[in-house]
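[1] Got a predicted structure here, sequence first:
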Amino acid sequence: MTVNKNRQEQLFSSSVGFNFPSLLNFLKQVYVLIKPGVISLVIFTALCAMLVAPSEKSIFIKGISLLLIAMGASGSAILNMWHDRIIDSKMDRTKFRPIPAGNISANTALATGLVFSFFSVVALFFFTNIQAAILLAFTILYYSVFYTMFLKYRTPQNIVIGGLAGALPPVIAWISISNEMIIYPIILCLIIFLWTPPHSWALAIYRNQDYSNADVPMYPVKHGIQKTLKMMNIYTFLMIVSINLLFILGFTGMVFFVTSNLLNSYFVFKLIKLNNSQNLKKDSIKLFGFSIIYLFLIFFLTVIDRFF
């Protein structure tokens with residue numbers, strides 16, 4: 001049965017002019033390169049912004065816009081992987097990524113990232129508007145060039161400044177389908193921007209030695225754990241304030257206010273536990289994991305509040 005299946009794949013591949021197993025392997029490697037966990041967060045936050053934005057655009061246009069935003073984010077992620085291939089080979093967490101592992105060539109990854117990035121911007125302009133296309137292009141360049149090639153290896157504030165790229169998808173999504181630009185999507189962007197440092201530094205504490213070995217100047221590496229925790233406390237406070245701005249300014253109702261602050265309280269509880277931890281690796285990775293669920297739920301609540 002397996003022999004017949006392999007024979008069918010060989011016949012199909014030769015008839016259409018490409019190697020079918022090689023194509024499947026290429027797609028598998030591209031899937032890993034785009035950082036699916038990160039992209040899922042980009043897609044979800046952009047989708048939530050679309051659902052709460054006032055818009056008369058068709059479901060088709062909204063779907064295309066979401067797909068192209070995800071494609072642009074994927075392109076910048078691939079370019080990030082291409083640039084970081086040497087550093088990735090030195091870290092336990094990243095040495096099995098497709099390029100350092102030899103599963104895909106650096107040139108192929110570079111070409112794929114450039115195609116994804118260029119096509120997504122041009123297509124978003126064609127299907128929506130120039131403002132959304134320009135902002136998507138800015139986000140791609142900001143992450144893949146400004147952050148990846150310059151900030152990441154030069155300053156402990158790399159993740160703070162670079163976090164803007166990951167925070168912009170809700171704004172791009174809003175602009176792509178709505179003719180009305182208000183402060184709501186800016187606050188959504190601010191929430192992600194302020195969430196990024198405690199989220200990323202929790203992982204940096206867990207992987208502190210890994211980053212140190214690779215000479216990546218993450219905040220815990222350069223300033224120590226205690227100062228990192230103090231900065232995480234500050235950004236968490238500002239994040240909670242920005243979440244409550246949605247209620248204070250009248251964009252959300254009591255359901256969002258109560259539920260989001262229950263989540264905020266648990267986030268603070270996990271952070272306090274990390275501040276007083278006797279087992280930093282255990283408590284930092286727990287906060288990191290919860291922070292992902294937390295952001296998903298905060299954005300989900302904006303949609304629930306909008307319709308219910």
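    Structure received.

[2] Please make it C-alpha for all contacts and neighbour counts, starting now.
    OK.

[3] Residue 301: neighbour count?
    18 (other C-alpha atoms under 10 Å).

[4] nope, residue 204 is what I meant
    Counted by other C-alpha under 10 Å, the residues lying close to residue 204 total 25.

[5] Tell me which other helices or strands the helix or strand it falls within touches.
    Taking DSSP states H and E as the definition, residue 204 sits inside helix 184-206. Contacts defined by 3 or more C-alpha pairs under 8 Å, 6 or more residues apart in numbering; DSSP states H and E place helix 184-206 against helix 158-167, helix 169-177, helix 219-223, helix 225-248, helix 280-307.

[6] of all those helices, which lies closest to residue 93?
    Nearest to residue 93, of all those, is helix 280-307, at 13.4 Å by C-alpha to C-alpha.

[7] what angle do that closest one and helix 184-206 make?
    170 degrees (axes from the mean of the first three to the mean of the last three C-alpha atoms, to 10 degrees).

[8] Report the central residue of this structure.
    Among the residues of the chain, the one closest to the centroid is residue 38, at 3.8 Å (C-alpha atoms, centre = their mean).

[9] re earlier: turn the helices and strands packed on helix 184-206 into TSV, columns for mean pLDDT and distance to residue 29.
    What follows is these, written out as TSV (pLDDT from 0 to 100; distance: least, C-alpha to C-alpha, whole Å):
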stretch	mean pLDDT	distance to residue 29
helix 158-167	92	22
helix 169-177	96	24
helix 219-223	93	31
helix 225-248	97	34
helix 280-307	96	24
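
[10] if you compare the ones you listed, which one is most tucked away?
    helix 169-177 (a mean of 27; mean count of other C-alpha atoms under 10 Å).

[11] Does anything pack onto that helix? Which helices or strands?
    helix 36-52, helix 59-83, helix 130-141, helix 184-206.

[12] Give the buried residues for the last one.
    Just to be clear, that refers to helix 184-206. Going by neighbour count (16 or more other C-alpha atoms under 10 Å), the buried part of helix 184-206 is 184-185, 187-206.

[13] any idea how far that helix is from the chain center?
    Centre-to-centre, helix 184-206 and its host chain are 10 Å apart (C-alpha atoms, centre = their mean, to the nearest Å).

[14] Following the chain past it, name the next helix or strand.
    Heading C-terminal from helix 184-206 (DSSP H and E), you reach helix 208-213.

[15] The longest one too?
    Proceeding C-terminally, helix 59-83 gives way to helix 85-88 as the next helix or strand, assigned by DSSP H and E.

[16] hmm, who's touching that next one?
    Applying C-alpha atoms under 8 Å, 6 or more residues apart in numbering, the contact partners of helix 85-88 are 94, 95, 97, 99, 100, 106, 214.

[17] Check the average confidence over it, would you?
    For helix 85-88, the mean per-residue pLDDT is 86.

[18] In it, which residues are buried?
    Buried, per 16+ other C-alpha under 10 Å, within helix 85-88: 85, 87, 88.

[19] roughly how far apart are the second one and residue 137?
    Counting by C-alpha to C-alpha, to the nearest Å, the gap from residue 87 to residue 137 is 26 Å.

[20] rewinding a little: what about the helices and strands packed on helix 184-206, which gets the closest to residue 121?
    Using C-alpha to C-alpha, the helices and strands packed on helix 184-206 put helix 169-177 closest to residue 121, at 11.3 Å.

[21] quick revisit: for the helices and strands packed on helix 169-177, which one sits closest to residue 278?
    Residue 278 lies closest, by C-alpha to C-alpha, to one member of the helices and strands packed on helix 169-177: helix 184-206, at 13.2 Å.

[22] Report the angle between that closest one and helix 36-52.
    Following the same axes, to 10 degrees, one obtains 160 degrees for the angle between helix 184-206 and helix 36-52.

[23] count of neighbours near residue 26?
    Neighbour count for residue 26, taken as other C-alpha under 10 Å: 15.

[24] isn't it right up against residue 105?
    No: counting by C-alpha atoms under 8 Å, residue 26 stays clear of residue 105, with 10.3 Å between them.

[25] Overlap of the contact sets of those two?
    Listed as contacting both residue 26 and residue 105 by C-alpha under 8 Å, 6+ apart is no residue at all.
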